[in-house]
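In: Generate a structure from the sequence data that follows.
(2 chains, ligands or ions: 1)
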Amino acid sequence: MSSSQPSNSRDIEIDSPEIGIRGWARWFWRQLTSMRTALMLLLLLAIAAVPGSIYPQRSADPNGVKQFFEYNPDLAVVFDNFQLFDVYTSVWFSAIYILLFTSLIGCVVPRTKVHYAALKSQPPAAPRNFARMPAHQIVKSRKAKVVEKAAVILRKQGYRVVTTRTAVSAERGYLRETGNLIFHFSLIGVLVSVGIGGGLSYSGQRVLIEGDTFVNNLAGYDSISPGTFFDENQLTPLSVRLDKFNVVFDIRNETNIGTPLDFKALVTTRIGADGEPVQGQIRVNEPLELPNAKLYLTGNGYAPIVTVRDASGEVSFSGPVAFLPQDRNYTSLGIYKLPDAKPKQFGMIAFFYPTAADLETGAKSSIFPDPINPLLTMNVYEGDLGLDDGIPRNVYALDIEKMTQVAGGEAKAAALQLETGQTATLPNNLGTVTFDGLKRFISLDISYNPAVGWILLFALLSLGGLMITLLVPRRRVWVRKTEDGFELAALARGDDPTLEKVLNDLTDEIKKAKIE
Amino acid sequence: MNNVVLSEELSQISRLFLYASMAIYTFAFLADALNLASRASQNKDARARATVTEKAGLFFLIFATVLLAIGVVLRAISVARVPWGNMYEYAITGTLTIAVIFLIARIFVKEIQFVSLLISGFALLTLGAATTLFYVEVASLMPALQNYWLIIHVSVAVLATAFFNIAAALSVAYLLKTAGWVQKSKLAFVKGMNRLFGSFPADNKLERLSYRFNIIGFILWTFTLIAGAIWAERAWHRYWGWDTKEVWTFIIWTLYAGYLHANATRGWSGKRSAWLSLVGFAAVIFNFVVVNLYFKGLHVYSGL
Ligand code: HEM
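Out: Numbers count the residues shown, from 1 in each chain, chains lettered A, B, ... in the order given. As a prediction, this is how the structure comes out:
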């Protein structure tokens, strides 16, 4: 309050705009932190999450978004304005969960204070009228010392107990509220660690052919998506060589032929510049854990080894090239670009069939994913590869717009067909191609999120808190001596179907008790 | 895992057991329907007969569930792994779990006997859809699924579904019983229904029973969600990626969290929270059927 008015002018201030705003703010806060609002926001959050499952999301399915833009360009722009392709990072989705968590904090902080006070206070005195309580019994009995006996029994059952001369007040299940608070606070913990982890994490991809080595620096990645606070120095110096990639495809069970049974990458890693080489393996569900990096196996395919010679026999290219698998039998597509070939540059679009077979149409296809009858076919294109203008090109695509096809398709010469070890002559005096052999490659995902441990911890804490709050009963029990016996009453917090039974059992125990 | 032996023949035998169990579930359904009809009857003698049909319904339900259990076990043997690797298997295992949970719950909470009709009806529906629409030949699992997390994550999800299912059935009963139009109607049929509802547990008892099944379902679902994230972190190099299945798991979780809050909010307990319990279960079914069949995503395991 910036007002310099003396305090006796308070009455007047009630009408002043300042108080008005404060009043509104207070009213708004009270609304925001009410259960009803929490309920509304939860339902709203559930509804707001739906569109992200209907429309493709940039984070999960970028190609789907591209397609959407191609098929419905106008609608896509409108949708994009409403962030329907980025639902979970959108302004409106964020607004809902931020409001929800603000409400949550405003809710649990005061409740923690109240609960702390309750933990230190005694159970409330017995109400005057027991009949008003949800469970109530009158027992005729000539037992003596009912109050003392009830107190002992209840204490044994974990109740906190206070006695007066004629009555016992007992309460148990403070844990229920504790659990509830743990649950709600842990949700905040989950959200905060998800946020921090997202900022500090990174995730990168790398294609690795058998024999190749990945070195963990920015240049070692084919692509990398870092979090906001990511720093290159976070990358631990280490290297990983792919020694061998083992696959097993089912060839025995009729209904299951060609289904992958196991993928296993055998690697040699070195930590630090001159670390000891260590053998390791990466499987689909078993990432390799290295300091500040986890290596995941996300894909695999073939890398045929090919040597291209020009007309004079000079080698213009030699080595394995990763081919992209097109179907479950690993029909694979590969691209060759030979900018330095003499007399002119050319490119090739190649198909690899691990187990080649002829379709009825005359086309080739692969009928099994292992290389039982490997075949390499190539379409050859002459002309400008477009590599000289400095624009980065996709290594998995050949831009044939400014090129002429000289082998395969409509061209005079047929597409080249090579079995392992064979050499074919290129048309137009371009030279020869030899299919030397076969390697496999893997796609690696290298990522690290320093917060996953925290996220898991808070998630498990919230689960624990939830179980406590939902399963531990919280109740108060009172016992009072009457002229011809005693009277019991019980009250529960929330749902408790066992109140009557609690009182029945207590009555029995009091009747049986033998303390003097 | 490199030497799996699959047996399509055994799977076909398993399918025969499923058909047999469907036949018996039909008897159970009829007996349960008859039971409810006689409870709704004006005729005292007819109402007295209710105990006979009730016993028959229970007998058929147990019998059918045993046949179903044999069918599920045979399928598991035929594919040499847990029987929940695709939609067909998930459906038959889920149905079995629901029936078993109901039969166990019935021992402890006698009052839910009347839900039996919905359980046998639901079993018929899902088994019918599974054996005709979802059936897939025996196949091994793709490497991403070969993991103990599959066993944990999916089995708990199935359990949660069973609890949500029974809770939803109780909510339906509660909503019908407390509906104004049912209580006021002068139509003979509705009046009969009203007499039937009179034989159900009291309103607040129904509400509390539904709540108790839902909280167990919610705890299990929370676990499913966490276990799924742990597994996703191993298999797909991120613990959460808003894949369609993940989105719907989250939606279901949020809806049931809303349901629990509704129960503690004045003006929202009772009918509104019962509706929320149904909306939550509708999302569970949607997640299973529509998301599996029509949505794109990593969890494309329907096998169809
Ligand atoms: C992130 C969003 C939230 C989630 C997922 C959530 C979830 C839950 C769940 C599952 C329960 C059931 C446990 C029980 O009944 O004790 C619960 C209870 C409760 N929540 Fe939340 N909650 C959220 C936000 C809030 C907010 C914002 C408030 C305050 C306005 C709040 C207040 C409460 C209260 C008072 C209970 C206890 C109800 C009772 O006594 O039965 N929650 N919450």
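In: how near is B:Y256 to B:G280?
Out: 5 Å (C-beta to C-beta, to the nearest Å). Backbone N, C-alpha and C define where each C-beta goes, glycine included.
In: check contacts around B:K177.
Out: Contact analysis of B:K177 by C-beta atoms under 8 Å, 6 or more residues apart in numbering or on different chains lists B:F197, B:F200, B:D203, B:L206.
In: Contacts only, for the second one.
Out: Right, the one you point to is B:F200. By C-beta under 8 Å, 6+ apart, the contact list for B:F200 reads B:E111, B:F114, B:A173, B:K177, B:L206.
In: Please convert these to a markdown table, extending it with pLDDT.
Out: As requested, the contacts of B:F200 are arranged in a markdown table below (pLDDT from 0 to 100):
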| residue | pLDDT |
| --- | --- |
| B:E111 | 82 |
| B:F114 | 86 |
| B:A173 | 90 |
| B:K177 | 87 |
| B:L206 | 89 |
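In: Report the buried members of the residues you listed.
Out: B:F114, B:A173, B:K177, B:L206 (16 or more other C-beta atoms under 10 Å in any protein chain shown).
In: These in strands, which ones?
Out: Among those, none falls in strands (DSSP state E).
In: still on that earlier bit, columns secondary structure on top of the contacts of B:K177, output as TSV?
Out: Formatted as TSV, those follow (DSSP: H, G, I helix; E, B strand; the rest coil):
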residue	secondary structure
B:F197	helix
B:F200	coil
B:D203	helix
B:L206	helix
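In: Show me which of these is closest to A:Y71.
Out: Nearest to A:Y71 among the contacts of B:K177: B:L206, at 49.4 Å, using C-beta to C-beta.
In: Spatially nearest residue to that closest one (excluding sequence neighbours)?
Out: B:Y174 (4.2 Å; C-beta to C-beta, 6 or more residues apart in numbering or on different chains).
In: In TSV: the contacts of B:K177, plus distance to B:A80.
Out: Output for those, formatted as TSV (distance: C-beta to C-beta, whole Å):
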residue	distance to B:A80
B:F197	48
B:F200	45
B:D203	50
B:L206	44
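In: could you dump those to a markdown table with distance to the ligand?
Out: Shown next, in a markdown table, are these (distance: C-beta to the nearest ligand atom, whole Å):
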| residue | distance to the ligand |
| --- | --- |
| B:F197 | 28 |
| B:F200 | 25 |
| B:D203 | 20 |
| B:L206 | 19 |
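In: Assign A:A322 to helix, strand or coil.
Out: Going by three-state DSSP: A:A322 is coil.
In: That one and A:L333 touch, don't they?
Out: No: between A:A322 and A:L333 there is no contact under C-beta atoms under 8 Å: 10.4 Å.
In: who has more neighbours, those two?
Out: Taking other C-beta atoms under 10 Å in any protein chain shown, A:A322 and A:L333 do not tie; A:A322 has more neighbours (25 against 15).
In: about what we covered before: identify the contacts common to B:Y256 and B:G280.
Out: Counting by C-beta under 8 Å, 6+ apart, the contacts common to B:Y256 and B:G280 are B:F164, B:N214.
In: rewinding a little: tally up the residues packed near the residue nearest to B:L206, please.
Out: 26.
In: same check, this time on the one 5 residues further on
Out: When counting by other C-beta under 10 Å, one arrives at 16 neighbours for B:A179.
In: again, but for A:Y71
Out: Neighbour count of A:Y71, defined by other C-beta under 10 Å: 9.
In: Relative to A:V78, how far out is it?
Out: According to C-beta to C-beta, A:Y71 and A:V78 sit 14 Å apart.
In: Mutual contacts of these two, please.
Out: With C-beta under 8 Å, 6+ apart, A:Y71 and A:V78 have no common neighbours.
In: hey, where'd the helices end up in the stretch 101-250 of chain A?
Out: Using DSSP state H, counting those that start in this stretch, the helices of the stretch 101-250 of chain A run over A:146-156, A:174-200.
In: Out of the ones you listed, which gets nearest to B:V182?
Out: Across the helices of the stretch 101-250 of chain A, closest to B:V182 is helix A:174-200 (C-beta to C-beta), at 36.2 Å.
In: quick one: low-confidence parts of the chain?
Out: If you meant another chain, say so; for now it's chain A. Within chain A, the segments meeting pLDDT under 70 span A:1-19, A:390-392, A:494-497, A:514-516.
In: I was after chain B.
Out: Residues of chain B meeting the criterion pLDDT under 70: B:1-3, B:294-304.
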